[in-house]
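Enquirer: the following block contains a protein sequence and its predicted model.
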Amino acid sequence: MAKRVEKQIRIPAVADIEPSGEYVTLQHLIAEARVRSWSDAKIGRMMLKHFGYLLQRGKKDQHGECDICDEPLVDAYNVAQHQNHIVHRSCRSWSGDLQKSINKALKAYQA
(Lines give C-alpha, C1' and ligand atoms only; values in the text may rest on other atoms or scores of the structure.)
Protein backbone atom coordinates (compact mmCIF):
# COMPACT_ATOMS: atom_id res chain seq x y z
CA MET A 1 0.00 0.00 0.00
CA ALA A 2 1.32 3.47 -0.88
CA LYS A 3 2.53 5.67 1.91
CA ARG A 4 0.32 8.67 2.53
CA VAL A 5 2.03 11.97 1.80
CA GLU A 6 1.18 14.68 4.26
CA LYS A 7 0.62 18.22 3.11
CA GLN A 8 3.73 20.29 3.66
CA ILE A 9 3.43 23.34 5.83
CA ARG A 10 4.43 26.50 3.98
CA ILE A 11 7.05 28.40 5.89
CA PRO A 12 6.89 32.06 4.92
CA ALA A 13 9.99 33.84 3.74
CA VAL A 14 11.77 35.72 6.47
CA ALA A 15 10.12 39.09 6.88
CA ASP A 16 13.52 40.74 6.69
CA ILE A 17 13.16 43.50 4.15
CA GLU A 18 15.76 45.86 5.55
CA PRO A 19 17.04 48.03 2.70
CA SER A 20 20.10 46.58 1.00
CA GLY A 21 22.45 48.02 -1.60
CA GLU A 22 23.82 44.57 -2.42
CA TYR A 23 22.77 44.80 -6.08
CA VAL A 24 23.68 47.71 -8.32
CA THR A 25 20.59 47.40 -10.51
CA LEU A 26 17.44 45.33 -10.71
CA GLN A 27 18.87 43.55 -13.75
CA HIS A 28 21.83 42.37 -11.66
CA LEU A 29 19.44 41.05 -9.02
CA ILE A 30 17.38 39.15 -11.60
CA ALA A 31 20.50 37.69 -13.22
CA GLU A 32 21.71 36.47 -9.82
CA ALA A 33 18.28 34.99 -9.10
CA ARG A 34 18.36 33.00 -12.35
CA VAL A 35 21.84 31.65 -11.64
CA ARG A 36 20.91 30.66 -8.08
CA SER A 37 17.42 29.36 -9.01
CA TRP A 38 15.63 31.44 -6.39
CA SER A 39 11.89 31.07 -5.85
CA ASP A 40 9.62 33.92 -6.91
CA ALA A 41 8.95 34.75 -3.25
CA LYS A 42 12.68 35.14 -2.52
CA ILE A 43 13.13 37.28 -5.64
CA GLY A 44 10.25 39.49 -4.45
CA ARG A 45 11.83 39.84 -0.99
CA MET A 46 15.20 40.74 -2.48
CA MET A 47 13.51 43.25 -4.83
CA LEU A 48 11.85 44.94 -1.87
CA LYS A 49 15.21 45.18 -0.12
CA HIS A 50 16.67 46.73 -3.28
CA PHE A 51 13.70 49.10 -3.69
CA GLY A 52 13.99 50.10 -0.01
CA TYR A 53 17.62 51.00 -0.59
CA LEU A 54 16.65 53.04 -3.66
CA LEU A 55 13.97 54.82 -1.61
CA GLN A 56 16.54 55.74 1.07
CA ARG A 57 18.95 56.95 -1.58
CA GLY A 58 16.24 58.97 -3.32
CA LYS A 59 15.25 60.67 -0.08
CA LYS A 60 18.88 61.51 0.62
CA ASP A 61 20.13 62.47 -2.86
CA GLN A 62 16.99 63.83 -4.54
CA HIS A 63 15.14 65.28 -1.54
CA GLY A 64 12.60 62.45 -1.77
CA GLU A 65 11.22 63.39 -5.18
CA CYS A 66 10.84 61.33 -8.37
CA ASP A 67 13.24 62.57 -11.04
CA ILE A 68 10.54 62.28 -13.73
CA CYS A 69 7.31 63.61 -12.19
CA ASP A 70 8.67 65.49 -9.11
CA GLU A 71 6.11 63.78 -6.86
CA PRO A 72 7.31 62.45 -3.48
CA LEU A 73 8.88 58.98 -3.24
CA VAL A 74 6.86 57.32 -0.51
CA ASP A 75 6.58 53.56 -0.96
CA ALA A 76 9.28 50.95 -1.66
CA TYR A 77 6.78 49.09 -3.87
CA ASN A 78 6.77 52.02 -6.30
CA VAL A 79 10.45 52.90 -6.59
CA ALA A 80 12.91 52.15 -9.37
CA GLN A 81 16.15 53.35 -10.86
CA HIS A 82 16.35 55.07 -14.24
CA GLN A 83 19.65 56.35 -15.64
CA ASN A 84 21.19 56.71 -12.17
CA HIS A 85 18.17 58.57 -10.81
CA ILE A 86 15.48 57.30 -8.47
CA VAL A 87 11.98 57.39 -9.94
CA HIS A 88 8.57 55.83 -9.41
CA ARG A 89 8.25 52.38 -10.93
CA SER A 90 5.05 53.59 -12.56
CA CYS A 91 6.90 56.52 -14.21
CA ARG A 92 9.62 54.36 -15.73
CA SER A 93 9.08 52.38 -18.92
CA TRP A 94 9.88 48.66 -18.70
CA SER A 95 10.11 45.90 -21.25
CA GLY A 96 7.04 43.67 -21.07
CA ASP A 97 8.93 40.63 -19.78
CA LEU A 98 10.73 42.53 -17.04
CA GLN A 99 7.51 44.17 -15.83
CA LYS A 100 5.81 40.76 -15.70
CA SER A 101 8.75 39.29 -13.76
CA ILE A 102 8.67 42.12 -11.22
CA ASN A 103 4.93 41.86 -10.66
CA LYS A 104 5.07 38.05 -10.41
CA ALA A 105 7.87 38.12 -7.82
CA LEU A 106 6.27 40.84 -5.67
CA LYS A 107 2.92 39.03 -5.78
CA ALA A 108 4.57 35.74 -4.77
CA TYR A 109 6.30 37.43 -1.83
CA GLN A 110 3.07 39.00 -0.60
CA ALA A 111 1.15 35.70 -0.78
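Expert: Perfect, I can see it now. Residues are numbered from 1 along each chain as shown.

Enquirer: show me what contacts Arg89?
Expert: Arg89 makes contacts with 51, 77-80, 102, as judged by C-beta atoms under 8 Å, 6 or more residues apart in numbering. To be clear about C-beta, it is placed using only N, CA and C from the backbone, and glycine gets the same treatment.

Enquirer: and if you look at Tyr77?
Expert: Per C-beta under 8 Å, 6+ apart, neighbours of Tyr77: 48, 51, 89, 106.

Enquirer: among the residues you listed, who's most crowded?
Expert: The member of the contacts of Tyr77 that has the most neighbours, counting by other C-beta atoms under 10 Å, is Phe51 with 25 neighbours.

Enquirer: surely that one is within a strand?
Expert: No. When DSSP: H, G, I helix; E, B strand; the rest coil is applied, Phe51 is found to be helix, with no strand at that position.

Enquirer: can you tell me how far it is from Ile68?
Expert: Applying C-beta to C-beta, to the nearest Å, the value for Phe51 to Ile68 is 16 Å.

Enquirer: list the buried residues of stretch 21-39.
Expert: The neighbour-count check on stretch 21-39 (16 or more other C-beta atoms under 10 Å) flags 23, 26, 29-30, 33, 38 as buried.

Enquirer: show me what contacts the residue nearest to the spatial centre of the chain?
Expert: Nearest to the geometric centre of the chain sits Met47, at 2.1 Å (C-alpha atoms, centre = their mean). The neighbours of Met47, taking C-beta under 8 Å, 6+ apart as the test, are 26, 29, 102, 105-106, 109.

Enquirer: which of the residues you listed lies closest to Leu55?
Expert: Ranked by distance to Leu55 (C-beta to C-beta), the contacts of Met47 are led by Leu26 at 13.5 Å.
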